[in-house]
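Asker: coords please:
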Amino acid sequence: MLRSLKWFRKEIDVKSWMAAAVLAVGAMSLHAAPNVQVVGLFNDAAVLMVDGQRKLVRAGQTGPQGVKVISATTREAVLEIDGVQRTFGLSRDTTAAASVSEAKAGLSVARANNGHYWVTGAVNGQTMQFMVDTGATSIAMNESQGKRLGIDYRVAGTPMVASTAGGNVSGWRVKLNSVKIGGIEVLGVEAVVLSGEFPTDALLGMSWLSRVSFKEDNGVLRLESKH
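Answerer: Next up, the predicted model:
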(Lines give C-alpha, C1' and ligand atoms only; values in the text may rest on other atoms or scores of the structure.)
Protein backbone atom coordinates (compact mmCIF):
# COMPACT_ATOMS: atom_id res chain seq x y z
CA MET A 1 0.00 0.00 0.00
CA LEU A 2 2.86 2.42 0.90
CA ARG A 3 4.62 1.61 -2.36
CA SER A 4 1.41 2.33 -4.30
CA LEU A 5 1.03 5.66 -2.52
CA LYS A 6 4.60 6.69 -3.39
CA TRP A 7 4.02 5.75 -7.02
CA PHE A 8 0.78 7.78 -7.04
CA ARG A 9 2.55 10.84 -5.61
CA LYS A 10 5.35 10.48 -8.18
CA GLU A 11 2.77 10.30 -10.95
CA ILE A 12 1.10 13.47 -9.63
CA ASP A 13 4.46 15.28 -9.56
CA VAL A 14 5.16 14.31 -13.17
CA LYS A 15 1.74 15.50 -14.27
CA SER A 16 2.21 18.78 -12.37
CA TRP A 17 5.54 19.34 -14.10
CA MET A 18 3.96 18.66 -17.49
CA ALA A 19 1.12 21.06 -16.72
CA ALA A 20 3.64 23.74 -15.74
CA ALA A 21 5.51 23.16 -18.98
CA VAL A 22 2.29 23.53 -20.98
CA LEU A 23 1.52 26.79 -19.16
CA ALA A 24 5.02 28.06 -19.91
CA VAL A 25 4.59 27.29 -23.61
CA GLY A 26 1.21 29.01 -23.51
CA ALA A 27 2.79 32.07 -21.92
CA MET A 28 5.41 32.14 -24.68
CA SER A 29 2.69 31.99 -27.33
CA LEU A 30 0.98 34.96 -25.67
CA HIS A 31 4.20 36.88 -26.31
CA ALA A 32 3.95 36.14 -30.02
CA ALA A 33 4.67 38.72 -32.72
CA PRO A 34 2.34 41.77 -32.63
CA ASN A 35 -0.53 42.17 -35.05
CA VAL A 36 0.87 44.46 -37.74
CA GLN A 37 -0.90 46.14 -40.64
CA VAL A 38 0.40 48.70 -43.11
CA VAL A 39 -2.45 51.16 -43.68
CA GLY A 40 -0.52 53.89 -45.53
CA LEU A 41 2.45 53.81 -47.89
CA PHE A 42 4.74 56.63 -49.01
CA ASN A 43 8.28 56.90 -50.30
CA ASP A 44 10.50 56.30 -47.22
CA ALA A 45 7.57 56.16 -44.77
CA ALA A 46 4.69 53.90 -43.80
CA VAL A 47 1.64 54.24 -41.58
CA LEU A 48 1.62 51.22 -39.27
CA MET A 49 -1.26 49.78 -37.28
CA VAL A 50 0.34 47.69 -34.51
CA ASP A 51 -2.02 46.05 -32.03
CA GLY A 52 -4.50 48.84 -32.67
CA GLN A 53 -1.96 51.66 -32.36
CA ARG A 54 -1.59 53.79 -35.50
CA LYS A 55 1.59 55.75 -36.27
CA LEU A 56 3.55 57.15 -39.19
CA VAL A 57 7.06 55.65 -39.11
CA ARG A 58 9.82 56.75 -41.46
CA ALA A 59 12.43 54.41 -42.94
CA GLY A 60 15.10 53.60 -40.35
CA GLN A 61 12.82 54.43 -37.42
CA THR A 62 11.12 52.13 -34.93
CA GLY A 63 7.40 52.25 -34.25
CA PRO A 64 5.03 50.65 -31.73
CA GLN A 65 6.04 47.29 -30.22
CA GLY A 66 9.54 47.67 -31.68
CA VAL A 67 8.40 47.28 -35.30
CA LYS A 68 11.04 48.90 -37.51
CA VAL A 69 10.55 50.25 -41.03
CA ILE A 70 13.55 49.14 -43.10
CA SER A 71 12.36 50.70 -46.37
CA ALA A 72 9.13 51.87 -47.94
CA THR A 73 7.71 52.86 -51.32
CA THR A 74 4.18 53.68 -52.44
CA ARG A 75 3.72 49.96 -53.22
CA GLU A 76 5.23 48.07 -50.27
CA ALA A 77 7.21 48.31 -47.05
CA VAL A 78 9.91 46.10 -45.56
CA LEU A 79 9.42 45.78 -41.80
CA GLU A 80 11.57 44.16 -39.13
CA ILE A 81 9.47 42.39 -36.49
CA ASP A 82 11.26 40.57 -33.65
CA GLY A 83 14.46 40.54 -35.71
CA VAL A 84 12.81 39.09 -38.83
CA GLN A 85 12.31 41.18 -41.97
CA ARG A 86 9.08 40.83 -43.95
CA THR A 87 7.58 42.64 -46.92
CA PHE A 88 4.10 44.12 -46.50
CA GLY A 89 1.69 45.51 -49.04
CA LEU A 90 -1.09 47.93 -48.19
CA SER A 91 -3.58 46.49 -45.72
CA ARG A 92 -7.10 47.64 -45.16
CA ASP A 93 -7.50 49.78 -42.05
CA THR A 94 -10.25 48.03 -40.06
CA THR A 95 -10.17 50.04 -36.81
CA ALA A 96 -13.34 51.81 -35.81
CA ALA A 97 -11.60 55.18 -35.63
CA ALA A 98 -10.26 54.96 -39.15
CA SER A 99 -12.88 52.88 -40.90
CA VAL A 100 -14.32 54.50 -43.99
CA SER A 101 -17.41 53.67 -45.96
CA GLU A 102 -16.39 51.99 -49.20
CA ALA A 103 -18.55 54.53 -51.00
CA LYS A 104 -16.25 57.33 -49.86
CA ALA A 105 -12.98 58.19 -51.56
CA GLY A 106 -10.02 58.84 -49.29
CA LEU A 107 -6.37 59.79 -49.37
CA SER A 108 -3.60 59.77 -46.72
CA VAL A 109 -0.74 62.26 -47.09
CA ALA A 110 2.51 62.15 -45.11
CA ARG A 111 3.87 65.44 -43.78
CA ALA A 112 7.04 66.55 -45.57
CA ASN A 113 10.29 67.34 -43.76
CA ASN A 114 9.52 71.07 -44.02
CA GLY A 115 6.33 70.55 -42.03
CA HIS A 116 3.93 71.03 -44.95
CA TYR A 117 1.58 68.63 -46.71
CA TRP A 118 1.90 68.37 -50.48
CA VAL A 119 -0.62 66.79 -52.83
CA THR A 120 -0.75 66.33 -56.58
CA GLY A 121 -4.14 66.74 -58.17
CA ALA A 122 -5.89 67.94 -61.28
CA VAL A 123 -7.56 71.28 -62.01
CA ASN A 124 -10.01 71.06 -64.90
CA GLY A 125 -8.16 67.90 -65.91
CA GLN A 126 -4.69 69.52 -65.82
CA THR A 127 -2.07 68.28 -63.35
CA MET A 128 -1.26 70.63 -60.47
CA GLN A 129 0.78 70.27 -57.29
CA PHE A 130 -0.59 71.98 -54.20
CA MET A 131 0.62 72.84 -50.74
CA VAL A 132 -2.23 72.26 -48.29
CA ASP A 133 -2.96 75.53 -46.47
CA THR A 134 -5.88 75.66 -44.03
CA GLY A 135 -5.14 79.36 -43.49
CA ALA A 136 -5.92 80.21 -47.11
CA THR A 137 -9.54 81.17 -47.77
CA SER A 138 -9.51 79.62 -51.22
CA ILE A 139 -7.31 77.88 -53.73
CA ALA A 140 -4.64 80.36 -54.80
CA MET A 141 -2.16 80.37 -57.66
CA ASN A 142 0.03 82.82 -59.56
CA GLU A 143 -0.50 84.07 -63.10
CA SER A 144 1.93 81.60 -64.68
CA GLN A 145 0.12 78.69 -63.11
CA GLY A 146 -3.26 80.08 -64.16
CA LYS A 147 -2.10 80.45 -67.77
CA ARG A 148 -0.66 76.91 -67.80
CA LEU A 149 -4.04 75.59 -66.70
CA GLY A 150 -5.76 77.52 -69.47
CA ILE A 151 -7.80 79.68 -67.09
CA ASP A 152 -9.14 82.79 -68.83
CA TYR A 153 -9.02 84.76 -65.59
CA ARG A 154 -8.73 88.26 -67.10
CA VAL A 155 -11.99 87.81 -69.03
CA ALA A 156 -14.00 85.36 -66.90
CA GLY A 157 -12.61 86.37 -63.51
CA THR A 158 -13.72 89.07 -61.09
CA PRO A 159 -11.00 91.62 -60.17
CA MET A 160 -10.06 91.64 -56.49
CA VAL A 161 -7.27 92.60 -54.11
CA ALA A 162 -5.72 90.00 -51.82
CA SER A 163 -3.88 90.74 -48.58
CA THR A 164 -0.63 88.77 -48.33
CA ALA A 165 2.44 88.75 -46.08
CA GLY A 166 4.16 90.95 -48.66
CA GLY A 167 1.30 93.43 -48.88
CA ASN A 168 -1.77 93.82 -51.08
CA VAL A 169 -1.74 92.01 -54.43
CA SER A 170 -4.24 92.41 -57.25
CA GLY A 171 -5.83 89.34 -58.72
CA TRP A 172 -8.95 87.72 -60.13
CA ARG A 173 -11.53 85.53 -58.47
CA VAL A 174 -12.49 82.57 -60.68
CA LYS A 175 -14.55 79.39 -60.54
CA LEU A 176 -12.79 76.11 -61.34
CA ASN A 177 -14.95 73.45 -62.96
CA SER A 178 -13.24 70.60 -61.15
CA VAL A 179 -10.48 70.06 -58.61
CA LYS A 180 -9.55 66.43 -58.01
CA ILE A 181 -7.10 65.20 -55.36
CA GLY A 182 -6.58 61.45 -55.42
CA GLY A 183 -10.04 59.97 -55.85
CA ILE A 184 -11.79 63.01 -54.33
CA GLU A 185 -13.33 65.35 -56.88
CA VAL A 186 -15.03 68.62 -56.00
CA LEU A 187 -16.91 70.57 -58.66
CA GLY A 188 -17.34 74.33 -58.93
CA VAL A 189 -14.50 75.42 -56.63
CA GLU A 190 -13.67 79.07 -56.00
CA ALA A 191 -10.03 80.10 -56.59
CA VAL A 192 -7.95 83.23 -57.01
CA VAL A 193 -5.27 83.94 -59.58
CA LEU A 194 -2.83 86.55 -58.25
CA SER A 195 -0.69 88.95 -60.26
CA GLY A 196 3.00 88.15 -60.50
CA GLU A 197 4.74 85.05 -59.18
CA PHE A 198 3.09 84.86 -55.75
CA PRO A 199 2.35 82.31 -54.43
CA THR A 200 5.31 80.31 -55.69
CA ASP A 201 3.45 77.07 -54.92
CA ALA A 202 -0.28 76.76 -55.55
CA LEU A 203 -2.24 76.64 -52.30
CA LEU A 204 -5.03 74.19 -51.60
CA GLY A 205 -7.21 76.36 -49.41
CA MET A 206 -10.54 76.15 -47.63
CA SER A 207 -12.73 76.61 -50.72
CA TRP A 208 -11.81 72.96 -51.45
CA LEU A 209 -10.97 71.66 -47.97
CA SER A 210 -14.27 72.82 -46.45
CA ARG A 211 -16.13 70.58 -48.88
CA VAL A 212 -14.31 67.42 -47.80
CA SER A 213 -13.43 65.86 -44.46
CA PHE A 214 -9.85 66.23 -43.29
CA LYS A 215 -7.98 65.26 -40.14
CA GLU A 216 -4.32 65.35 -39.10
CA ASP A 217 -2.95 62.58 -36.90
CA ASN A 218 0.71 61.84 -36.06
CA GLY A 219 2.13 63.46 -39.19
CA VAL A 220 -0.51 62.10 -41.55
CA LEU A 221 -3.26 64.14 -43.16
CA ARG A 222 -6.34 62.11 -44.00
CA LEU A 223 -8.62 63.52 -46.72
CA GLU A 224 -12.00 61.97 -47.33
CA SER A 225 -15.02 62.77 -49.47
CA LYS A 226 -18.22 63.68 -47.65
CA HIS A 227 -20.43 61.51 -49.86
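
Asker: okay, now the domains of the chain?
Answerer: 36-88, 106-224 (automatic domain parsing).

Asker: quick one, what contacts the residue at minimal distance from the centre of the chain?
Answerer: Centroid-nearest residue in the chain: Ser108, 3.0 Å away (criterion: CA atoms, centre = their mean). Residues in contact with Ser108, defined by CB atoms under 8 Å, 6 or more residues apart in numbering, are Val39, Gly40, Val47, Val220, Leu221, Arg222, Leu223. All C-beta atoms are positioned from the backbone trio N, CA, C, and that covers glycine.

Asker: which residues touch the closest residue to it other than its chain neighbours?
Answerer: Sequence neighbours aside, Gly40 is the residue nearest to Ser108 in space, at 4.4 Å (criterion: CB to CB, 6 or more residues apart in numbering). When contacts are counted by CB under 8 Å, 6+ apart, Gly40 touches Ala46, Val47, Leu56, Leu90, Ser108, Ala110, Val220.

Asker: skipping adjacent residues, who's closest to the fourth one in space?
Answerer: It stands for Leu90. Nearest residue to Leu90 in three dimensions, chain neighbours excluded: Leu41, at 5.4 Å (CB to CB, 6+ apart).

Asker: surely that neighbour touches Ala77?
Answerer: Yes. Applying CB atoms under 8 Å as the test, Leu41 and Ala77 come out as touching, 6.1 Å apart.

Asker: these two: who's more crowded?
Answerer: More crowded of Leu41 and Ala77, by other CB atoms under 10 Å: Ala77, with 26 against 20.

Asker: tell me what the closest residue to the more buried one other than its chain neighbours is bridged to.
Answerer: Closest residue to Ala77 apart from its sequence neighbours, by CB to CB, 6+ apart: Ala46 at 4.2 Å. The partner list for Ala46 in beta bridges (DSSP bridges) reads Leu41, Val57.

Asker: what's the burial count for Lys226?
Answerer: Lys226 has 9 nearby residues by other CB under 10 Å.

Asker: separation between it and Gly106?
Answerer: Distance of Lys226 to Gly106, computed by CB to CB, to the nearest Å: 11 Å.

Asker: likewise for Ile184?
Answerer: Note on Ile184: its distance to Gly106, by CB to CB, is 7 Å.

Asker: so where's the chain shaky on pLDDT?
Answerer: Scanning the chain for pLDDT under 70 picks out the ranges 1-33, 92-104, 227.

Asker: quick one: residues contacting the residue nearest to Ala77.
Answerer: Per CB under 8 Å, 6+ apart, neighbours of Ala46: Val38, Gly40, Leu56, Val57, Val69, Ala72, Ala77, Leu79, Phe88.

Asker: for this protein, longest strand please?
Answerer: Across the chain, the longest stretch assigned as strand under DSSP state E is strand 167-181.

Asker: so for it, what gets flagged as buried?
Answerer: Neighbour-count burial for strand 167-181 flags Val169, Gly171, Trp172, Val174, Leu176, Val179, Lys180, Ile181 (criterion: 16 or more other CB atoms under 10 Å).
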